[in-house]
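Participant: What follows is a protein structure lacking sequence information:
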């Protein structure tokens, strides 16, 4: 097996090549690929994980014996490297069905690296040849998108929801009635399969590339339904069901059309129209869209007469339902194409419902930021009242010629116009035009998008048409008060920057620099728009470990409480270990060994996925790479020799896996099938309540009495009956006296439960009458996924392991020893005793023994508050070699100077960015800890140095959230609308409780200054006052400098 693994690693590296536009690549489950990587001993630097960044790195070699400490214990090798050989490739966890062409649809919630990976087609073919019979095969094309023609793999092509108007169906049926039927030679290959009949309510799913066009769609349907005139097919967008829109730009690519993520279209068919029915009411309503010539007026007049005369193609003037005329044109196109709401005010903002935004392809980051800005009441009121129109600056060389402001203003009117969902495609396009990093379809950062958007709006709305030149003035020798210097620098800032963005979002920092050589102190007051708060993260991590022992911690006896069948002698034990991020998995094993008294070489640490073992953790892996939110499973495995095999035992109810798996190490030549049942029962009996046996026996007895037809067992293990048996019918050739005798034996005989044979409800194999052990479950041999048998080719869900005295080497003809992988068994729980079984799998459930070390979990739950973050933000920091400061007194750059940032004044709208993304040891990480932040009363009095402004008390009104990992995940928002909080995920808008706003996903917080009574209201920024009060005296050796800094924003780098 060593040669096989090394050979596979070598071949994959040789075939891993960068893909180019036009290439075909494959999508593969990240979980399966991780299992394969662990099996062949790939490291994190393997091309499978680093292909996008580093191509194909050098081959990583490791010694087969693992830690190389010289131990000869064979199990030490098993613990580190004995990852089972993967089954056939399984992509089912990322698939969400197929479209009408038979192409696989990938689940919309899947993200790259977390759920799936992109691999070259050559690599897929190799893996499929080594692990055949899996799938489904998911192929995608590499295309070029955006202004920069960046490479893009269409993992999720545009998914169209197609419906068919009655006019289209009438034409199709008419052709069919005249003998023209669909030809299998002209339709796409996938269409040869039988399709359901089309009805007006039918919805068909089709996936199309963003480089395709609507004309391609029309031609596809004209070939699918022969003799349908392609030029008469009309496509309407139903993104707004009450206002369908005819799509006319058939030759533009879907990328250029900027359709929503899952567009809803309806196909119509245009009949030959008479002169009196060409426009009808539609022409009257939308005559402004056509030519204003006299001929148009004439058509308008004639169409009006046609409509009122009740012609066969006319449209009723009173029609208010969603019906269509025979020419295929929607009847319910009411209202103008343009938004006529020109005088909204604050009441409009506060009394319109929240509106969703369509995802245009990984644009959740943009939607999240827009939602937060849209619910910034002063800014929304400014745009909805059209005041922005007079402030648009089209000559600002730093602006976007007013385009950002104009498109954003139109979007605000659409969002607050009463629609339930709006497509922000124009804003996406204009942002991508001036910031190419946002032009593609890759995931970006919501805070970075917000920073660009606010800067763009500021420059487009800057009232300063010609910015004056400002020279750097020499530092004055005399000492000046902070309030004087702050006012001066704010006024200098306003000479070049005056906009609604400045008045709402900008405040002032006080920046203090101290020279490490001459102790010179320099103070500046710089404007800011964001407050980037670092999150205090402990260097230690608390890991939850669940240990499954191979030996009981006490004698196996009946449950002392009398509720369950046996005690918790073999129940898993939960431990908590506090370790450093720089520690390795080996350290965790050693510490767990000290806590449990188990030899470290006998502890195997595993990762599970969907209730089955995915891989075992390598000793050399750093704990920083192990997600602390995951539960680590530990198995006590006895010291064993080369002839020992490993069995993974999974729980299954019906077709679903549940609970955590077990690992059994045993010798097939010495272990009987009855022993396996006993071992399993000792590990699960504490989950089964008393009383199950009598209930099961009564049901089996009733089934046996109702079926008197003898049962014979064939040599193949299948049962043949004289009459048909339902899946829940069981046959037993014993008398009722035997049942009564077994029933009276009680449930305390743990090692040898009452004997009784049965046929499981979803299995076709039988158990010989001579083997009569009765359990609340049946054991079956399956593959590693627990869904199909690995001993036969009949496609059954697993062959029954009979509780008899046969040795396991007679069950497994080709036994797998611990070096080669493992065999698998599922516990099929009987549905008859379901109410007696406890299936809770939480680490804190009563069926898990809680070690005293779990108290660490409670101690570590001391919440991080926003004040903790402000405390770190305002601490002095020493500047490094790459961030030296030029000291005006030393006349050189000085290394090791100290810098301190403080808040001098705060804006009306305070935007706080929690710095959740960091970069450590050559990798990006996300800080997912919970930070507690106030919703109603955020008091910054402690942190604001200028005490002459209004009370800095803020109220939260919006939050931009990020869920998932670095470079992937999903952005949502929580916004306050009419005193009701909503959770908005793209087009989905759901009301939530106020308590649900705070979570560990909070990324950007939006606060609004609470207005004070008029007598207490003081203008906030010192630049807006004509006089200032003295605030504080400066320290000795302090000089003040001016600044012309523009907006300061945080720069959280997120791996894209």
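Facilitator: Everything's here; your move. Treat the numbers as computed from the prediction; the structure is a model and nothing was measured.
Participant: what domains does the record give for this structure?
Facilitator: Domains of the chain are assigned by the TED database as 1-45+84-153, 158-174+200-269, 359-460, 540-554+561-694+773-857.
Participant: Quick one: end-to-end distance for the third one.
Facilitator: Going back to what we said before, that points to domain 359-460. 26 Å (Cα to Cα, to the nearest Å).
Participant: pLDDT on that domain, on average?
Facilitator: Per-region confidence: domain 359-460 scores 91 on mean pLDDT.
Participant: Tell me the gap between that domain and the middle of its chain.
Facilitator: 25 Å (Cα atoms, centre = their mean, to the nearest Å).
Participant: And the last one, by the same measure?
Facilitator: Its chain's average C-alpha position is 29 Å from that of domain 540-554+561-694+773-857, according to Cα atoms, centre = their mean.
Participant: First-to-last residue distance for it?
Facilitator: 12 Å.
Participant: pretty sure residue 676 contacts residue 801?
Facilitator: Yes: look at residue 676 against residue 801 with Cβ atoms under 8 Å: they come within range, at 6.5 Å. Backbone N, C-alpha and C define where each C-beta goes, glycine included.
Participant: Overlap of the contact sets of these two?
Facilitator: 779, 825 (Cβ atoms under 8 Å, 6 or more residues apart in numbering).
Participant: burial count for residue 538?
Facilitator: 13 (other Cβ atoms under 10 Å).
Participant: The closest residue in space to residue 651 that isn't next to it in sequence sits in which helix or strand?
Facilitator: Nearest residue to residue 651, sequence neighbours excluded (Cβ to Cβ, 6 or more residues apart in numbering): residue 659, at 4.1 Å. Assigned by DSSP states H and E, residue 659 belongs to strand 656-666.
Participant: Turn the domains of the chain into TSV, including distance to residue 492 and mean neighbour count.
Facilitator: Putting these into TSV (distance: least, Cβ to Cβ, whole Å; neighbours: other Cβ atoms under 10 Å) gives the following:
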stretch	distance to residue 492	mean neighbour count
domain 1-45+84-153	37	17
domain 158-174+200-269	42	17
domain 359-460	17	20
domain 540-554+561-694+773-857	45	18
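Participant: before we move on, the earlier item: so which other helices or strands are in contact with the following helix or strand past the strand holding residue 659?
Facilitator: Where DSSP H and E defines the elements, the next helix or strand beyond strand 656-666 is helix 673-684. Under the contact criterion of 3 or more Cβ pairs under 8 Å, 6 or more residues apart in numbering; DSSP states H and E, helix 673-684 touches strand 645-653, strand 656-666, strand 777-782, helix 808-811, strand 823-829.
Participant: Run through who's touching helix 673-684.
Facilitator: Under Cβ under 8 Å, 6+ apart, the answer for helix 673-684 is 548, 552, 556, 566, 569-570, 647, 649, 651, 662, 664, 666, 750-753, 771, 773, 775, 777, 779, 801-806, 808, 811, 825, 827.
Participant: bridging residues for residue 608?
Facilitator: residue 613 (DSSP bridges).
Participant: Next, the contact list for it, please.
Facilitator: So residue 608 contacts 614, 631, 633, 660, 661 (Cβ under 8 Å, 6+ apart).
Participant: partners of the third one in the sheet?
Facilitator: The residues listed as beta-bridge partners of residue 633 by DSSP bridges are residue 546, residue 606.
Participant: Now do the contacts for it.
Facilitator: 545, 546, 548, 605, 606, 607, 608, 613, 660 are the contacts of residue 633 under Cβ under 8 Å, 6+ apart.
Participant: if I read this right, the fifth one contacts residue 616, doesn't it?
Facilitator: Which is residue 606. Yes: between residue 606 and residue 616 there is a contact under Cβ under 8 Å: 5.1 Å.
Participant: What strand or helix carries residue 959?
Facilitator: strand 953-963.
Participant: For that strand, which strands pair with it and how are they oriented?
Facilitator: Next to strand 953-963 in the sheet, as set by DSSP bridges, lie strand 938-939 (antiparallel), strand 970-977 (antiparallel), strand 1002-1009 (antiparallel).
Participant: For that strand, buried residues please.
Facilitator: For strand 953-963, burial by neighbour count (16 or more other Cβ atoms under 10 Å) applies to 953, 954, 956, 957, 958, 959, 960, 961, 962, 963.
Participant: which residues sit in contact with the second one?
Facilitator: Going by Cβ under 8 Å, 6+ apart, residue 954 touches 906, 910, 938, 940, 1007, 1008, 1009, 1010.
Participant: Wait, the fourth one touches residue 907, no?
Facilitator: No: Residue 940 sits out of contact with residue 907 when judged by Cβ under 8 Å, with a separation of 11.1 Å.
Participant: Now flag whichever of the contacts of residue 954 is closest to residue 257.
Facilitator: residue 1008 (37.6 Å; Cβ to Cβ).
Participant: And that closest one, how close does it get to residue 913?
Facilitator: 16 Å (Cβ to Cβ, to the nearest Å).
Participant: again, but for residue 159
Facilitator: In terms of Cβ to Cβ, residue 159 sits 34 Å off from residue 913.
Participant: cool, and residue 944?
Facilitator: According to Cβ to Cβ, residue 944 stands 18 Å off from residue 913.
Participant: next one: residue 631
Facilitator: 31 Å.
Participant: And residue 109, by the same measure?
Facilitator: 26 Å.
Participant: now residue 671
Facilitator: Residue 671 is 60 Å from residue 913, by Cβ to Cβ.
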